[in-house]
Each structure stands twice: as structure tokens, then as C-alpha cells.
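In: turn this into a structure:
(2 chains)
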Amino acid sequence: MHAYILRRLLLMVPTLFGITVVVFAIMVAAPGGVSPETLTAGQNLDPEARKALEAYYNRRYGLDDPAPVQYLRWLNSIAPVGFTVAADGSLGAFSWTKGMDLGSSFRYGRPVADLIAERLPITLLLNALSIPLVYLVAVTVGLQAARERGSAFDTGSGLALLALWSVPTMLAGVLFIGFFASDQYWQWFPTAGTLSREGAAMTFLPHWGTALDALKVLAGAGLGVAAGLGAARLSRPWRVGIGAVAGLLLGGAWGAALPDGGWTSLAALAAALAALLGGAASASVPALRGVALGGAGLLAGLIVAAAVMEAAFVRGYLLDRAWHLVLPVLTLSYGGIAFLAKLTRSSVLENLHSDYARTARAKGLPESDVLWRHVFRNSLLPLVTVAATLLPALLSGSVIVESIFSIEGMGKLAVEAVTGRDRELVLSITLISGLLTLAGYLLADLLYAVVDPRVSYE
Amino acid sequence: MNEAGPQEVARVTPARAIARAIFARRGARLGLAWIALVALLAVFAPFLASSQPLLVVGEGGFASPVLNHLAPEDGALLGVFLAVLVAWRLARRPRVALVTAAGLVTVALIASHTLLEPPRLVAHEQPRQTVAAGDWDWVVWAPVPWSPDDYLRDYGHTGLEAPLEAAPTRVHWLGTEAGGSDLLAGMIHATRVALGIGLVATGIALVIGVVIGGVMGYFSGIVDILGMRVVEVVEAIPTLFLLLIFVAFFGRDLYLMMVIIGLTSWSVYARYVRAEFLKLRQQEYVQAAVVAGLPLRSILFRHMLPNGMAPVLVTASFGVASAILAEATLSFLGLGPVDTPTWGRMLDQAVQSSTFNWWMALFPGGAIFCTVFAYNLLGEALRDAMDSEAA
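Out: Reported below is the predicted structural model:
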């Protein structure tokens, strides 16, 4: 196992080398390429100042060297061992301890390592929140669709997932921001950033003025969920009626929250939500009913609790963060949910009709044991392998999400680096995203051996 | 080659069976219908949305200002459309259809580039002023009487307007863009970019992927190992990032962009074709072709490729969808083609200086969504049809 990991790690080196060569080649082959002229092009300078600036760029970054020399210099500076470089750019003696240096950015004039250390955690946080959400929702939906193959839920969710997969990330993000963050509609979420200014000074956890208020919130949430779950257990006419009424009330509250909305928008939202909740309540799947009605109950309970709360409520750092991340994480994850749910469905279906599942049924196991103890575990295999390809997709997705929501992460940095022709930054981002991608592949292969004992890398 | 006789009509080839299975699916029919609609809009865009009247009757008799303003591309597109129609009618005899279509396209290209000379400087407000002055007796306007580059200078107005909120003198069904031009007109003209990018980029990716994957799969061994390293290198760079680098460094030309999207998305096809060819090369008919001394080109592309194309076609259908998304994403990030209206660039105007213009989000975004959804529906129907064919 160790030998295998070591070999894979060593194999990463030529691949990373190849990636940076490709990206560097694209940059220098472009018309204009990376030259002091293109770097100073946009600035309004008098000729001497321009010349001085160009000479400075040439001296500092060696931009007047031939392209292969530039690449080798860069390679030398990022390699942990190599030649030391003197201040005037000349190569010194060979050193084993010179350390890695990613260089400094043209545009920011700061070390690239610092920039990336600032930006990477935010992007990783976004992805770390998205991946569990994607898996949770996708596996639930996919499993249910496979169990009820050919049912209304199966065909309906199949079409809905394909549609969801086709929604451009930009459209989803813009609609979220426009309707749920702008002051023209519901200003429920912040439009930009990952933390509000006062959020940084708040205590970590939320706190209420009095203990009674906290109790009110807890009681509201608890009672709401209990009422919703109770309603989900009633007979169909009752639960549909209760769901419709709850939808009507919630939709009315939603419409009333619109800054300058008239009666039409209020009525339309109330009707839409009533239809949605009533429809969900009529579903024959208990879990679906429970989630829909319980969620509606939770929401109603919280609204009521917020209305009767007295003293000031401080959000706290944690909730403030979460509040800022709701829309970006949703935007980032819905595509993955659609993709993974379809995969789960086909994987579970394949295993449900397999010989070993039939054997398990034939020996008298209850269907739930067949599903959870036999089929489900085997269906996880393709989901694990696909986790590796999910990571680059999410990294690409964060480029769009971060631009829409003005989040200062790696994705936004990548766009800025590329448009500013920032050679060191582009190369370093390529290196790091390539490294993350390859690490994802390796991790998936190792996980594959963990979930499938037949696979062994000895 | 025998002529198409009555007995040949009844023959069911695998391709025909799959085509029939696809048409049997409602999703695929819906998808095809939407793509056909978009294609029609793309071909007839200058007649559907133009500030120039289709037909006027004045003192000098009949005239058609819109014809005078037709660009060479418009003519070429009409020619291609005609060629496709003719080829469709002659589908029974593929060779004749191909030759006729190629001839028609050539004639159309030459004719449109020599005959069509639109005026360099177009004053879109001129026809409106002529009508206001009463110089024409009778005018037939296009269904959408605005051009995408008509910034309504004569109305002295610039900026975004919600649908049907403008002054009573002019009607904008879907509102106006930031420059003041009509959104619906822009969207109709942008169908060309959406369709063209999807098809051309996927075509380029297909050609590269099939050739590289085919060579890797056929030769295997050292060629395969080296080739797979190249594929891995390309796949380890996030596609969007590679696209960004290309576009930012090579400029924002529309045609260049098609090539670039094609250049960054071939690795999937190479993987599939390689896997298929690795299986196929052991088959007797391939061995027989090798023993018979056929040239490599013939073995690879005439004998092996038709049998290894199935999974590639499915992926290509999804690939068209992602190429359209890629263009929309680049346009949205402000790196799209410069002078061409595209849906992505319109979507980019939805949130500007902290005001939300819902029509700029809903309509262009909805158009992107519908087109991508149509191709995905088609791809899924294709996959289902192939699966049931294989089973």
C-alpha cells in the first residue's frame, strides 16, 4: 500500500510538469504574450516612466529572457532544491536548502504564496460545505427513485434532475441574488462577501437577550416540526388540507415581506406554495411528506417565535458566516446534486436486479435489509470514484459563484490573474488546482480500496 | 453500389432503428423541436428582427431595405439552410445529396460574398424618420422592428427598460438592454452564436478526440501509455480555467472561441474511443482487415470507427450542451466575443450596479437553459435508445 501511494505521488510530478508546460506555452504563444509592454499597456504614463517601468519588470521577472529560460527559471524557483538566485537575477550556487518560492505577483506586487494562503481557505470552505450536501440530497433522491422504479416520483425526479443539471450556474446565482438578496425583492440574504463587518466582532455563538427568548425559539421550532410530522401521519385528505392551508399562510407571509408588492404577488405566492405543499403532502412516500411538512412547520414555528421575541438578538460569528454562505453553497451544489442523484439511481437499480440481491430475497431477508445491508453498500462504489471528478467541477464552479457573490476566493483570484496576464499567479494557480485534482483522484482510488475489499493495491 | 430499390426501403439498419427509438421518446421530440426552432430563428434572424422594413412602397415603386442591409454571413446561412433542405429531400441517395448540398453551399458562399454589400454605416433610425415624414405609402415591418445594434438614438434614450414599460410609441416585448437596444432582437440574433458554438466546438473536439483516442486504442502499448499521460495532463487542469487562460491571452474572437472550446474538451472523446478501440482491435473483422493489407486510415475510420461510435455520440450530445454553457460562462465573466450579441453577455447585465433587472436574467438565462436542456434530453434519449438496442 505504501509503495503504491509513493508511486502515485511520484507519478504526479511529471503530470504537474506537463500541466505547467502546457499553460506556460499557451501564455507565451499568445500574441503579445507576457511582456513588459502588455503589462504597462493600460496605464497612462509618459514615455520615460513607461520605459523605466518596463526595465523594472524585465529586471525583476526576467521577461526579456527567451521563453524556455523563463520557464526553467520558474521551475528552479518553485523546486525545493536548485540554484539560488541573486538579487540581480544571476544564478548562484546549487543549494539543497533554498526552499520553494512561488514568486511574486505582477499585479499585486505581493508573494503569490501569501495571496493563495489568503484565498484558498475560502474556496475550500465553500467546497467542504457543498460536498456533504450534494451527497446527502443526491443519495436520498436517487435511492428513492430506484426503489420506486417507473413510479411518478421516478419519472418526475428524473426529468427534474435533468432540468436542474441544465440550469446554468450563472442563471441560478443571478436569480438567487436578484430575488433573495437585492432590496427590490426579498432582502433575506447578503449580496456579497462571506462575513459582514460587524460579524467579525461578534461572539462565536448566537445569543439572546434573555433565556426566555432562546426558549421561545426552541419551543417554536420544536412545536412546528412536531406539528408538521404529526400532520404527515394523518390520512390523505387531512394532510393535504393541512399542507395546503400551511402553504397558503406561509406564501401569504412571503408575499407580505415583499417591499412594494401588491395583492397579486401575495396571492400568487400563497397559491403556489399551497399547491406545492399540498402536492408534497399527498405523496405516498412517508419520508418526502415528513420532510416537506416538517420543514414547513419548522419555518412557521421560527417565524412565530421571531415575532414574539422581545430583546435584541445577536447573530454571532457562526450564524453570520452561515447566513452569508447559504446562497453561494446552494448555487455551487445543485448541479452536483442532479448529476450524482442520477448516478445513484442507476447504480442502485443495477444492484437491486443483481443475482446476489435475488439470493438475499430468496433466503427470506426483509426488503429493507436487502436494500441497506446488501444493495446500498455496493451501490456506493461508483459514487466514491465520482467524488474525484466532482472536485475539479466544484473548483470550476467556484470561479462563477465567487464572481457572482463577490467572494474573495481562488476562483475570483484565477479570473483576475488570467485577465491581468499575471504569469506567476497563473502558473501557481494551475499548479495548485492541478495538485488538488490529482490528490482527489488518488484519494478516490484509495477510498475505492476501502469500500471494496476485492480491490487491493498490494 | 446498387441503386435504391423498393427492397432497400424496408431494410432496417442499426442507425435507422436507433433513430426510430429516439423519435419514439417524447423528451427527445421536445428537445429536437426546440433545437429546430432555434435553428430557424438563427437562419431567418435578419428578417425576424430588423429596424429595416421588409417591404416598402414609395414613389420609386417597391423596395426592400432589409435585403439591402443583408450581410454576407446572412446570405451564407440561408444558402446552408437551403442545402440542408435539399439534402434532406435526397436522403435516399446519400452521395447525390452530399454533392448537391456541397455545390449549393459553395454557390451560396461565393454569391453572398460577391453580391451582398451592406452599407458600412447603418442609420437604424432612418426608416422610422422616413415613415414619420410620410415618404412611403405602405410599409411592412419585421415582426420585431428593431435591430440588435439599434440603440434607439432617435428616441434619445439609453439604458435598461423593463418589458412593455417604454413609451407608447415603441413596444419592446422583452424590454431593452443596457445600451438601449431591444432584448428580443438581440436574443434572436444571438441564436447563431449559441448554435454555432455548440456544433463547431463539439465537432472540433470530436475530430481531435477520435483521432487521438483511435490511435491510442489501436496501437496500445507505448503509444497508449504516452497518450494517456497527455490526456491526464489535459484533464488535470480544470476546463474552465484552461478556457479562461486561452481566451484572456488569445483574444475574444468568436471563431477563435469555438476552436478554443473544442481544443479544451476533446479528452472525454479520446477516452471513450480508446476504450472502444482496445476492445475492437481483438475482433476478427479487424484482424482480417489488417491481414488484407488495408491502409491504416481505412482500418481505423472505415472499419473500426462506425462500431465504436455509439458512446461517443451520446457524449457529444451532452458536449454540445456544455460548449454552449462554456460560451455563456465566458461571456458572463466578461470574456466573451466582443461585437456579437450572445445570451451570456445579456445575462451578465442582470445584476448591474446593485440593481436587479429581472428580464435580463429570466429571458436570456431561460434561452440558455432551454437549449442546454434540449441537448441533454436528446443525449439521454440517445443513450436509452442505444442501451435498449444493445440489450
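
In: hey, let's count contacts and neighbours off CA atoms from now on
Out: Noted.

In: surely residue A:131 and residue A:332 touch.
Out: No: using Cα atoms under 8 Å, residue A:131 makes no contact with residue A:332, being 9.5 Å away.

In: more crowded one of these two?
Out: For the pair residue A:131 and residue A:332, the greater number of neighbours falls to residue A:332 (29 against 19), based on other Cα atoms under 10 Å in any protein chain shown.

In: who in the stretch 251-400 of chain A is up against chain B?
Out: A:392, A:393, A:395, A:396, A:400 (Cα under 8 Å from any Cα of the partner chain).

In: drop anything exposed from those residues.
Out: A:392, A:393, A:395, A:396, A:400 (16 or more other Cα atoms under 10 Å in any protein chain shown).

In: redo those as a markdown table? Include secondary structure and pLDDT.
Out: Listed next are these as a markdown table, based on DSSP: H, G, I helix; E, B strand; the rest coil; pLDDT from 0 to 100:
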| residue | secondary structure | pLDDT |
| --- | --- | --- |
| A:392 | helix | 73 |
| A:393 | helix | 75 |
| A:395 | helix | 77 |
| A:396 | helix | 79 |
| A:400 | helix | 88 |
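
In: quick one: which of those is nearest to residue B:378?
Out: residue A:393 (22.7 Å; Cα to Cα).

In: quick check: chain neighbours aside, which residue is closest to that closest one?
Out: residue B:238 (7.3 Å; Cα to Cα, 6 or more residues apart in numbering or on different chains).

In: what number of residues lie near the closest residue to residue A:457 other than its chain neighbours?
Out: In this structure, residue A:457 finds its nearest non-sequential neighbour in residue A:1, 5.8 Å apart by Cα to Cα, 6+ apart. By other Cα under 10 Å, the residues close to residue A:1 number 10.

In: hmm, residue A:58 and residue A:70 touching each other?
Out: No: contact criterion Cα under 8 Å: residue A:70 and residue A:58 do not qualify, at 11.1 Å.

In: least confident secondary structure element in chain B?
Out: The weakest-scoring helix or strand in chain B, judged by mean pLDDT, DSSP states H and E, is helix B:6-9 (a mean of 49).

In: check which helices and strands the following helix or strand past that helix sits against.
Out: Proceeding N to C from helix B:6-9, the next assigned helix or strand is helix B:14-23, under DSSP states H and E. With contacts taken as 3 or more Cα pairs under 8 Å, 6 or more residues apart in numbering or on different chains; DSSP states H and E, helix B:14-23 sits against helix B:26-43, helix B:358-390.

In: count of residues packed around residue B:279?
Out: Neighbours of residue B:279 using other Cα under 10 Å come to 13.

In: cool, and residue A:355?
Out: Residue A:355 has 10 neighbouring residues, counting by other Cα under 10 Å.

In: and it, what does it touch?
Out: Applying Cα atoms under 8 Å, 6 or more residues apart in numbering or on different chains to residue A:355 gives no contacts.

In: pLDDT score for it?
Out: Looking at residue A:355, its pLDDT reads 91.

In: and the one 4 residues further on, by the same measure?
Out: Residue-level confidence at residue A:359 comes out at 92, pLDDT.

In: equivalent analysis for residue B:58, please.
Out: For residue B:58, pLDDT reads 78.

In: ok, residue B:49 - contacts?
Out: B:142, B:143, B:144, B:145, B:146, B:147, B:148, B:185, B:188, B:189.

In: anything in the helix or strand where residue A:173 lies near chain B?
Out: Element membership for residue A:173 (DSSP H and E) is helix A:169-180. Yes: for helix A:169-180, a contact with chain B is found by Cα under 8 Å from any Cα, at A:170, A:171, A:174, A:175, A:178.

In: can you list the neighbours in contact with that helix?
Out: A:184-189, A:191, A:327-328, A:331-332, A:335, A:397, A:400-401, A:404-405, B:329, B:332, B:347, B:350-351, B:356-358, B:361-362, B:365.

In: return the most buried member of the helices and strands packed on helix B:14-23.
Out: Stretch with highest mean neighbour count among the helices and strands packed on helix B:14-23: helix B:358-390 (a mean of 21; mean count of other Cα atoms under 10 Å in any protein chain shown).

In: what helix or strand is residue A:329 on?
Out: For residue A:329, the element it lies in under DSSP H and E is helix A:316-352.

In: what packs against that helix?
Out: If you count contacts as 3+ Cα pairs under 8 Å, 6+ apart, helix A:316-352 packs onto helix A:112-147, helix A:152-166, helix A:169-180, helix A:376-404.

In: could you dump the ones you listed to a markdown table with distance to residue B:212?
Out: Output for the helices and strands packed on helix A:316-352, formatted as a markdown table (distance: least, Cα to Cα, whole Å):
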| stretch | distance to residue B:212 |
| --- | --- |
| helix A:112-147 | 34 |
| helix A:152-166 | 29 |
| helix A:169-180 | 31 |
| helix A:376-404 | 22 |
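
In: hmm, back to that, the residue nearest to residue A:457 contacts residue A:449, correct?
Out: No: taking contacts as Cα under 8 Å, residue A:1 lies outside contact range of residue A:449: 10.1 Å.

In: shared neighbours, those two?
Out: By Cα under 8 Å, 6+ apart, the residues touching both residue A:1 and residue A:449 are residue A:457.

In: relative to residue A:100, how far out is residue A:84?
Out: Separation of residue A:84 from residue A:100 (Cα to Cα, to the nearest Å) stands at 11 Å.

In: out of these two, which sits in the busier spot?
Out: The neighbour comparison of residue A:84 against residue A:100 (other Cα under 10 Å) goes to residue A:84, with 19 against 15.

In: where exactly do the strands run in the stretch 1-150 of chain A?
Out: With DSSP state E, counting those that start in this stretch, the ranges of strands along the stretch 1-150 of chain A come out as A:82-85, A:91-95.

In: chain B: which of those is closest?
Out: strand A:82-85 (24.6 Å; Cα to the nearest Cα).

In: what helices or strands is that closest one leaning on?
Out: Checked by 3+ Cα pairs under 8 Å, 6+ apart, strand A:82-85 has strand A:91-95 packed alongside it.

In: gap between the strand it packs on and the chain center?
Out: With Cα atoms, centre = their mean, to the nearest Å as the basis, strand A:91-95 stands 43 Å off its chain's centre.

In: what do you get for stretch B:137-153?
Out: For stretch B:137-153 - counting by Cα atoms, centre = their mean - the centre lies 26 Å from the chain centre.

In: contacts for that stretch, please.
Out: Counting by Cα under 8 Å, 6+ apart, residues outside stretch B:137-153 touching it are B:47-59, B:124-125, B:158, B:179-186, B:189, B:341.

In: can I get it in CSV, CA atoms only?
Out: Only the C-alpha atoms of stretch B:137-153 are listed here, as CSV (Å, rounded to 0.1, in the frame of the first residue of the first chain):
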residue,chain,number,x,y,z
ASP,B,137,-47.1,54.9,-48.9
TRP,B,138,-47.0,51.5,-47.4
VAL,B,139,-44.5,49.7,-45.1
VAL,B,140,-44.2,46.1,-43.9
TRP,B,141,-42.1,45.9,-40.8
ALA,B,142,-40.3,42.8,-39.4
PRO,B,143,-42.2,41.0,-36.6
VAL,B,144,-39.7,42.6,-34.2
PRO,B,145,-39.0,46.0,-35.7
TRP,B,146,-35.6,46.5,-34.1
SER,B,147,-32.1,45.5,-34.9
PRO,B,148,-29.8,44.2,-32.2
ASP,B,149,-27.4,47.1,-32.8
ASP,B,150,-30.2,49.7,-33.0
TYR,B,151,-29.6,51.8,-29.9
LEU,B,152,-32.7,54.0,-30.4
ARG,B,153,-30.7,57.2,-30.9
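
In: give the buried residues for it.
Out: Quick answer for stretch B:137-153 (16+ other Cα under 10 Å): B:139, B:141, B:142, B:144, B:145, B:146, B:147, B:148, B:149, B:150, B:151, B:152.

In: one step back: of the residues of helix A:169-180 next to chain B, closest to residue B:36?
Out: Taking the residues of helix A:169-180 next to chain B together and measuring to residue B:36 by Cα to Cα, the closest member is residue A:171, at 23.5 Å.

In: quick one: the closest one and residue B:365, what's the gap?
Out: Residue A:171 is 6 Å from residue B:365, by Cα to Cα.
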